[in-house]
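Undergrad: sequence and predicted structure are below.
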Amino acid sequence: AQLQAGADAVVLPDHATGNLVSPKTYKEFLVSVHHEMLDRIGGPTILHVCGDCADRLDIFAEEGYDGYHFEWQVDAREAVRIVNGRMSLIGNINNAQTLLRGTPEDVYKQARYSIEAGVDILAPECAVPLQTPVSNLKAIVEAAEEGY
């Protein structure tokens, strides 16, 4: 329905983060469910799983998602290396520390790191806190405008 209504992609949030579900359990119980969802959606999909998921990035890439929206706990360079072009990477600017409590310079530095690492789409890691300074959000744009 989302794609029919004009969405470019469907984002699937999942709670299979490393501190809740092991890679083995993920493979055993969730991969088949995700494959069924991907088949039913029949269009571009982006997976979002909170936390450190470096140990299951390879699994995510094999599942057939078009993109993975990831958090700061996964090093951008490591994510790019593991995924190796099999899906787009989206993220991974730290919301709580960098965006909310950091300076525009902190945000810019983290954004440039992600860009230079090869992250495809620069974005905050998850829901942006309402109290985030606008100057910090503008620092993301500034970093992106300087080029990928």
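TA: Here it is on my side, so go on.

Undergrad: quick one, helices of this protein?
TA: 23-25, 31-41, 57-63, 76-83, 101, 104-117, 134-145 (DSSP state H).

Undergrad: closest one to G6 among those helices?
TA: helix 31-41 (14.8 Å; CB to CB). Where you see a C-beta, it was placed from the backbone N, CA and C, and this is true even at glycine.

Undergrad: mean confidence score for that closest one?
TA: Averaged across helix 31-41, pLDDT comes to 94.

Undergrad: buried residues, it. List them.
TA: For helix 31-41, burial by neighbour count (16 or more other CB atoms under 10 Å) applies to 31, 34, 38.

Undergrad: again, but for stretch 20-30
TA: Residues of stretch 20-30 classed as buried: 21, 26, 30 (neighbour count, 16+ other CB under 10 Å).

Undergrad: and stretch 65-85, by the same measure?
TA: Buried, per 16+ other CB under 10 Å, within stretch 65-85: 65, 67-76, 79-80, 82-83.

Undergrad: do stretch 131-138 as well
TA: By 16+ other CB under 10 Å, the buried positions in stretch 131-138 come out as 132, 136-137.

Undergrad: stretch 49-62 too?
TA: 49-54, 56-57, 59-61.

Undergrad: including pLDDT and distance to N94, could the residues you listed go into TSV?
TA: TSV is the format used below for the buried residues of stretch 49-62 (pLDDT from 0 to 100; distance: CB to CB, whole Å):
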residue	pLDDT	distance to N94
V49	93	16
C50	91	12
G51	90	12
D52	92	13
C53	93	15
A54	95	15
R56	94	20
L57	95	18
I59	95	24
F60	95	20
A61	96	23
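
Undergrad: for E63, which non-adjacent residue is closest in space?
TA: Using CB to CB, 6 or more residues apart in numbering and skipping residues adjacent in sequence, the residue nearest E63 is H34, 5.6 Å away.

Undergrad: my guess is the one you found contacts R56. True?
TA: No - H34 lies out of contact with R56 (CB atoms under 8 Å); the separation is 11.5 Å.

Undergrad: the helices of the chain: which one's closest to D8?
TA: The nearest among those, by CB to CB, is helix 31-41 at 12.7 Å.
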